[in-house]
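S.K.: Have a look; sequence and predicted model below, questions after that.
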Amino acid sequence: MKKNRKKEVKGTLPEEPFTDRTYRAMAETFSALSDPTRAKIIHLLCMGESSVGNLAERISVSPSAVSHQLRLLRQLGLVRFRRDGQSAIYALDDHHVAQLFMEAHEHVEEFLMGRREAEEQ
């Protein structure tokens, strides 16, 4: 027996289609989360600001690789940085990025839980 997992969507979406530019930007945003390294970086930045070196150490990736991923995330408007002396300190661009990440996590956990329950039956 399948549970009704339909939930009411928070907020409202306009009924009119978005522009192609908006759809492209939305697809690029979701695509940014498709890489596990970028997802780990976003997760850590949900907790607060961080330097490249700290991020690299926490996810066991080279600083060069972290910088590369941060550059892409910055180009997509998901993260921003500020200078602190010679260091660049990164943060999420705004609260929407954290919300998007948390919603994606909730969706994945519910999906995986449903899959586990189906496998147990």
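M.R.: The structure has been received and is ready for your questions.

S.K.: going forward, measure contacts and count neighbours with C-alpha atoms only.
M.R.: Fine.

S.K.: Can you get me a residue count around the spatially closest residue to L72 that is not a sequence neighbour?
M.R.: Distance criterion Cα to Cα, 6 or more residues apart in numbering; nearest residue to L72, sequence neighbours excluded, is A32 at 8.0 Å. Counted with other Cα atoms under 10 Å, the neighbours of A32 add up to 19.

S.K.: List the residues that contact A32.
M.R.: A32 makes contacts with R38, A39, L72, L73, as judged by Cα atoms under 8 Å, 6 or more residues apart in numbering.

S.K.: Compare those residues and tell me which has the most neighbours.
M.R.: Top of the contacts of A32 by neighbour count (other Cα under 10 Å): L73, with 21 neighbours.

S.K.: on that earlier part again, return the closest of the contacts of A32 with respect to P63.
M.R.: R38 (13.1 Å; Cα to Cα).

S.K.: count of residues packed around R71?
M.R.: For R71, the neighbour count with other Cα under 10 Å is 14.
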